[in-house]
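In: Got a predicted structure plus its sequence, pasted below:
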Amino acid sequence: MASSSLFLLFNLDGLRLALRGEDIRMITRAVQVTSLPQDLDDILGIINVHGEIVPVLNLRKRLGLKEKAVDSADFLILAESSYRQVGLIVTEVEDIYDVTAQTTLSKEALFRGDKEIQLLRIDEKLIIVQELNEFLSTEQEKSLDQAIDRMVQ
């Protein structure tokens, strides 16, 4: 029997994307995002989730999509990276899919810059898996920590 993994499929302006199911903590309607005083390229801003300051990643910028304000019809996905809990603003949340090894394409030949990417084939369509642990560099993580520390002081 083939091994399987769970993936949350979501949509951002017509682009189908996925996150690993084990990384998902909560899905809710989008909320207002507070900008950080310094411009951090891949960070949209921060939100307060039950007293915890959570950075919201700028997935639009990362994927080269047109920037737009957060809309009340958007969704917020809270997920856990190795370093921290993060938020992603998305247009639509589709479903959780149980993906077998045969469905997952080899990622060895697929690169974005110097990073490998993983694609899933579901319903004969390719879906890009977002790797949260690779979203921010170590330097960006440090800058984010410093910016959050300054905001809460």
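Out: Now that the structure is in, tell me what you want to look at.
In: residues making contact with the helix ranked longest in the chain?
Out: The helix spanning the most residues in the chain, taking DSSP state H as the definition, is helix 138-152. Helix 138-152 is touched from outside by 34, 36-38, 40-43, 46, 53, 55, 83, 136, with contacts defined as Cβ atoms under 8 Å, 6 or more residues apart in numbering. To be clear about C-beta, it is placed using only N, CA and C from the backbone, and glycine gets the same treatment.
In: Relative to the whole chain's centre, how far out is stretch 36-46?
Out: Chain-centre distance of stretch 36-46: 15 Å, with Cα atoms, centre = their mean, to the nearest Å.
In: quick revisit: which parts of the longest helix of the chain count as buried, going by neighbours?
Out: By neighbour count on 16 or more other Cβ atoms under 10 Å, the buried set for helix 138-152 is Ser143, Leu144, Ala147, Ile148.
In: Closest to Glu22 out of the contacts of helix 138-152?
Out: Lowest distance from Glu22 to the contacts of helix 138-152 (Cβ to Cβ) belongs to Tyr83, with 15.5 Å.
In: Show me where this protein has its helices.
Out: For the chain, applying DSSP H gives helices covering 59-63, 138-152.
In: rank those by pLDDT, which is bottom?
Out: Taking each of those in turn, the lowest mean pLDDT turns up on helix 138-152, with a mean of 83.
In: Residues touching stretch 35-45, excluding its own?
Out: Here stretch 35-45 makes contact (Cβ under 8 Å, 6+ apart) with 33-34, 46, 55-58, 61-62, 70, 89, 135-136, 140, 143-144, 147-148, 150-151.
In: on that earlier part again, among the contacts of helix 138-152, who's most crowded?
Out: Pro55 (27 neighbours; other Cβ atoms under 10 Å).
In: Can you name the residues bridging to that residue?
Out: Taking DSSP bridges, one obtains Ile46 as the residues bridged to Pro55.
In: Isn't it up against Val86?
Out: Yes - Pro55 is within contact range of Val86, at 5.6 Å (criterion: Cβ atoms under 8 Å).
In: which residues does Asp74 contact?
Out: For Asp74, the set of contacting residues under the criterion of Cβ under 8 Å, 6+ apart consists of Arg29, Ala30, Ile89, Val90, Thr91.
In: show me where pLDDT drops low in the chain?
Out: 1-4, 101-116 (pLDDT under 70).
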